[in-house]
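Participant: What follows is a predicted protein model with its sequence.
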Amino acid sequence: MAAFIAKQMVGNQLKSVKDKLSGAIGGGDKEGEGENKEDAGGGGEDPEVEEMRREAERKRKEKHEKAEAEREELRQSIRDKYGLKKKVPEEENMMMNNDDGGRVGRKKKTPAELAAEANADSDDDEFTMPKNMDELKNKVQDIPQKLAQSVGEVTEKCSLQ
């Protein structure tokens, strides 16, 4: 720990001394940095060299496009020969099915659909709450009849052996 603290305190002073010495011996870092930047960045290149690089890049791209076109022709001939359909990339598929809005789950219902669904649920007479006591008595008296009727239907359909 003590060595670390000592290095931190003395390190900056040593660095300045090294810089001064290398500047006196090598002619200075400022000039060397400038040359390195030109070599690495490519900013100081000859315009002819830059033009040659652009031309080589253009030729390379043309070569790859031509090779891809030949491959696509070969793929299409195989599809035609065997009656295969071309696969639709996922991006195009998503564009075609844009109506879901990118959702994973089901489609969100509109307020009109929700109201229609609520009305359909309220049409079910068996489970609605009666408004007065007479309706409640009638429904309770109807339960054994409905139960007997449904049991009779089941026994007609099924035969025990």
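Facilitator: Right, received. Where do you want to start?
Participant: all contacts plus neighbour counts: C-alpha atoms, from now on.
Facilitator: Noted.
Participant: what bits of this structure have low per-residue confidence?
Facilitator: Residues of the chain meeting the criterion pLDDT under 70: 26-44, 90-103, 121-130, 159-161.
Participant: which helix in it runs the most residues?
Facilitator: Using DSSP state H to define each element, the chain has its longest helix at helix 47-82.
Participant: Next, the buried residues of that one.
Facilitator: residue 76 (16 or more other Cα atoms under 10 Å).
Participant: And the contacts of stretch 113-121?
Facilitator: Stretch 113-121 is contacted by no other residue when judged by Cα atoms under 8 Å, 6 or more residues apart in numbering.
Participant: Specify the local secondary structure of the residue located most distally from the centre of the chain.
Facilitator: No residue in the chain sits farther from the centre than residue 134, which is 60.4 Å out by Cα atoms, centre = their mean. Using DSSP: H, G, I helix; E, B strand; the rest coil, the structure places residue 134 in helix.
Participant: Does anything pack onto the longest helix of the chain? Which helices or strands?
Facilitator: For helix 47-82, there is no helix or strand it packs on, judged by 3 or more Cα pairs under 8 Å, 6 or more residues apart in numbering; DSSP states H and E.
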